[in-house]
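Asks: Would you be able to build a 3D model of this:
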Amino acid sequence: MKSYSALITAGLLASLMAGFFPSGPAEAQSRTVPDIIEIDRIVAVVNDDVIVHSEMQARLRSVIEQLNKSGVPVPPRDVLEKQVLDQLILDRLQLQIAASTGVRVDDETLNRQIADIARQNNLSLREFRDILERDGFNFVTFREDMRNELIKSRVQQREVQDRVQVTERDIDNYLATQAKQGGNSPEYRVSHILIAVPDGASPEQLAEARAKTENIVARLNAGKNFGQIAAAESDGRQALEGGDLGWRKSQDLPTLFEQVVPRLKKGEVSDIIRSSSGFHLIKLEDIRGGERHVIKQTHAQHILIKPTEVVSSQAARSRLSVLRSRIVGGADFNVLARANSEDPGSAVKGGDLGWLSPGDTIPQFEKAMNALAEGEISEPFETQFGWHVVQVLGRRDRDSTTEVQRSNAAEALRRRKVEEELQNWFRQIRDEAFIEYRLDE
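Replies: As a prediction, the model looks like this:
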């Protein structure tokens, strides 16, 4: 049976569109790290709201569990608490924006989302709930955490993602740059540390951030773990994942890193990189090569007979069986398709569906078609559209690398733009808010 963390990875992350999940559900109650004693006191003021100690400790438990599962050394408690508190502040700011602008998630939407997570893990809703509670997580709390994640996702969608546009010209330029760099370029596994500075930072603030970054460089040179330092001190969005940005092609990286990463050796850390956000360090964890995309296409033709209120399903099947027998006996498939098929798109072409790629048709049709040899005619089979007979006219391998590259380029460009705009937006809402830390009180 899958654990809570596995369920979140397989379900929540896959279900929410492009949302940022810094540490999983924020307030889930866990039995791990039993030495933490929850005492409700204010640890931060965020505009007219507060964050209390018990909230921070609940999130802290979740983060420690994630770090342990990913093999990232857990930073000292005090620095990890500061990281977690900063994330809670950012979460609270987004929820405040949602409340002030009317962004909500109703119970029906929430229930559907949770049911989808359970279904993706081959569980009933009851089984899913039982697993959560068996692992020590309160289901009611989980629901509200889930609601908040959906709300934040919607706010980010509206404030940032919906405003990001990727044009065909962007894609052309991206692919032209890629071609200059070798076409089928390798992918890089990259980790990142950001020491952020506010907009309009004073010379003293810049000097302090620069000194902090240089101190990190010295510690890395002395053999300290990059992921542990990232989790403890980075202001980047992936800090609590050890700064891991995942596998990226150079063009998929933030623009600032695009020219730097390919020049690094595996395991090497970059020089300090300055941007408007602050000071960056990047580490090249690994490299892997690219590949071409070849798909198997099928040229097929079919005849469709639809059941109606007048024509029963059995009658439709029987009529199609007669047509198939005539084709097997030598009748022209195209002529019979034009005269009898009830698929308006292909009937005028003699039933010809053209060259089909995987996923072009519904699964039942594709399965029946794929089971045929070239020239073979299927027995009648039923789909949601009616009864079919299909004949395979030919098969071929087609190099779809160009289409895949354009699709991947569009997604990479959008992801890059969203990441950059999200980071700017996060900094903006923090700069515009009243935030008071009381962690040391």
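Asks: what bits of the stretch 201-350 of the chain have low per-residue confidence?
Replies: 289-292 (pLDDT under 70).
Asks: for it, what spans make up the strands?
Replies: With strands called from DSSP state E, counting those that start in this stretch, the stretch 201-350 of the chain shows them at 244-249, 273-275, 278-288, 294-305.
Asks: so which of those gets nearest residue 404?
Replies: Ranking the strands of the stretch 201-350 of the chain by their distance to residue 404 (criterion: Cβ to Cβ) puts strand 294-305 first, at 9.0 Å. No exception for glycine: its C-beta is placed from N, CA and C like everyone else's.
Asks: what comes up buried for that closest one?
Replies: Along strand 294-305, these residues count as buried under the neighbour rule (16 or more other Cβ atoms under 10 Å): 297-305.
Asks: Restricting to C-alpha, output it in CSV.
Replies: Presented in CSV, the C-alpha positions along strand 294-305 are these (Å, rounded to 0.1, in the frame of the first residue of the first chain):
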residue,chain,number,x,y,z
VAL,A,294,9.9,7.8,-34.3
ILE,A,295,6.2,6.7,-34.2
LYS,A,296,4.4,3.8,-35.8
GLN,A,297,1.6,5.1,-38.0
THR,A,298,-1.3,3.1,-39.5
HIS,A,299,-3.2,3.8,-42.7
ALA,A,300,-6.7,2.5,-42.2
GLN,A,301,-10.2,2.7,-43.6
HIS,A,302,-13.5,1.9,-41.9
ILE,A,303,-17.2,1.7,-42.1
LEU,A,304,-19.4,3.0,-39.2
ILE,A,305,-23.0,2.0,-38.5
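Asks: So what are the sheet partners of that strand and their directions?
Replies: Paired strands of strand 294-305, with direction, are strand 352-356 (antiparallel), strand 386-399 (antiparallel) (DSSP bridges).
Asks: Beyond the last one, next helix or strand please.
Replies: Using DSSP states H and E, the helix or strand that follows strand 386-399 in sequence is helix 401-432.
Asks: Counting by contacts, list what that next one packs against.
Replies: For helix 401-432, the packing partners by 3 or more Cβ pairs under 8 Å, 6 or more residues apart in numbering; DSSP states H and E come out as helix 77-101, helix 139-159, helix 168-180.
Asks: Now tell me which of these the model trusts least on average.
Replies: Confidence, taken as mean pLDDT, is least for helix 168-180 of the helices and strands packed on helix 401-432 (a mean of 84).
Asks: Tell me which residues touch residue 67, please.
Replies: Residues near residue 67 by Cβ atoms under 8 Å, 6 or more residues apart in numbering: 73-74, 231, 240, 242.
Asks: at 6 Å instead, please
Replies: By Cβ atoms under 6 Å, 6 or more residues apart in numbering, the contact list for residue 67 reads residue 74.
Asks: circling back: out of the helices and strands packed on helix 401-432, which is closest to residue 112?
Replies: That would be helix 139-159 among those, by Cβ to Cβ, at 10.5 Å.
Asks: Next, the buried residues of that closest one.
Replies: Buried, per 16+ other Cβ under 10 Å, within helix 139-159: 141-143, 145-157, 159.
Asks: now swap in stretch 302-320 and tell me
Replies: 302-305, 316-317, 319-320.
Asks: Need those residues in TSV (columns: distance to residue 40).
Replies: Below are the buried residues of stretch 302-320 laid out as TSV (distance: Cβ to Cβ, whole Å):
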residue	distance to residue 40
302	67
303	71
304	65
305	69
316	67
317	68
319	73
320	70
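Asks: Stretch 354-361: end-to-end distance?
Replies: 12 Å (Cα to Cα, to the nearest Å).
Asks: So what touches it?
Replies: Residues from elsewhere that reach stretch 354-361 (Cβ under 6 Å, 6+ apart): 295, 297-299.
Asks: likewise stretch 305-315?
Replies: Under Cβ under 6 Å, 6+ apart, the answer for stretch 305-315 is 316, 319-320, 342, 386-387.
Asks: Residue 129 and residue 138 touch, don't they?
Replies: No: Residue 129 is not in contact with residue 138 according to Cβ atoms under 6 Å; the separation is 10.4 Å.
Asks: Residue 350: what's its closest spatial neighbour, skipping adjacent residues?
Replies: In space, and not counting its chain neighbours, residue 350 is closest to residue 334: 2.9 Å by Cβ to Cβ, 6 or more residues apart in numbering.
Asks: tell me the contacts of residue 93?
Replies: By Cβ under 6 Å, 6+ apart, residue 93 lies in contact with 429, 433.
Asks: 10 Å - rerun?
Replies: Applying Cβ atoms under 10 Å, 6 or more residues apart in numbering to residue 93 gives the contacts 46-47, 49, 152, 155, 426, 429-430, 432-433, 435.
Asks: Same question for residue 155.
Replies: Taking Cβ under 10 Å, 6+ apart, we find residue 155 in contact with 19, 93-99, 101, 103, 161, 425, 429.
Asks: By neighbours, which of those residues wins?
Replies: Neighbour counts for the contacts of residue 155 were taken using other Cβ atoms under 10 Å; the highest belongs to residue 94, with 23 neighbours.
Asks: Relative to residue 99, how far out is the residue nearest to it when sequence neighbours are not counted?
Replies: Excluding its sequence neighbours, the residue lying closest to residue 94 (Cβ to Cβ, 6+ apart) is residue 152, at 4.7 Å. Separation of residue 152 from residue 99 (Cβ to Cβ, to the nearest Å) stands at 12 Å.
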